[in-house]
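**Q** next come a sequence and a model predicted from it.
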Amino acid sequence: MKTKSQEVVEGSLAPDFELKDQDGKSARLSDLKGKTVVLYFYPKDDTPGCTTEACSFKDNLKQFQDLGAVILGVSLDDAPSHQKFINKFQLNFPLLCDEDAKVSRLYGVYKKKNLYARLFWGIERSTFVIGPDGNVKRAFRKVKVDGHTAEVLNAIKS
C-alpha cells in the first residue's frame, strides 16, 4: 500500500486520522478539536531513546494537562507491544498503533533510515504540537530526546 508521504508544515491544518490505541479503542484527531494535541512519533517501543522520551512525557504529564494539552504517542508497533511498554513504565497516555505506517506517511515521518550500513524504512522521531483550532503550531523533526519535553512545553506556552 503506497500512501504519499508529505511534509506537514507549521501553520497548516493537521491531517486528520483514526488509529487504534493499546486497548483497541479508536482515537481520531478531529475528536480532539478544541484541545492542544502533542502528537509524537517514535521508532520503537521499549528501546532506550523511546523509553527516555515516553518517560519524560509521563513525568511531565501534569504540566501538559495544566496547559490543556493531550499527549498521543505513535509508532509502528502493535497493541500488545504498546500494552507491554505502558505496563513496564507506567505510561499515563495513549499509544497509537500505526502498523501500516499510513499516518506516519501522512505526516512525512516514515523515512528511509541507515543503521550500521543497513537501510530500512522506519519512523524519524518527530513531534507535532497541534493547536485547539486543528492547525500545526510547531513541528519538531529529527528530535533529540534530551530536553525535548521542555521544548514542547515552551512551544505550547508561546
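**A** It's in.

**Q** run through the protein and note the low-pLDDT ranges.
**A** Scanning the chain for pLDDT under 70 picks out the ranges 1-6.

**Q** that one: strands as residue ranges?
**A** According to DSSP state E, the chain carries its strands in the segments 18-21, 26-28, 36-41, 69-75, 95-97, 110-115, 118-123, 126-130, 136-140.

**Q** now the ones you listed as TSV including mean neighbour count and distance to Glu10?
**A** Every residue, glycine included, has its C-beta placed from N, CA and C. Formatted as TSV, the strands of the chain follow (neighbours: other C-beta atoms under 10 Å; distance: least, C-beta to C-beta, whole Å):
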stretch	mean neighbour count	distance to Glu10
strand 18-21	17	23
strand 26-28	13	22
strand 36-41	23	13
strand 69-75	23	17
strand 95-97	23	22
strand 110-115	12	19
strand 118-123	12	20
strand 126-130	24	9
strand 136-140	19	5
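
**Q** would a markdown table of the ones you listed with distance to Asp146 be doable?
**A** What follows is the strands of the chain, written out as a markdown table (distance: least, C-beta to C-beta, whole Å):
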| stretch | distance to Asp146 |
| --- | --- |
| strand 18-21 | 27 |
| strand 26-28 | 28 |
| strand 36-41 | 15 |
| strand 69-75 | 18 |
| strand 95-97 | 21 |
| strand 110-115 | 20 |
| strand 118-123 | 19 |
| strand 126-130 | 14 |
| strand 136-140 | 13 |
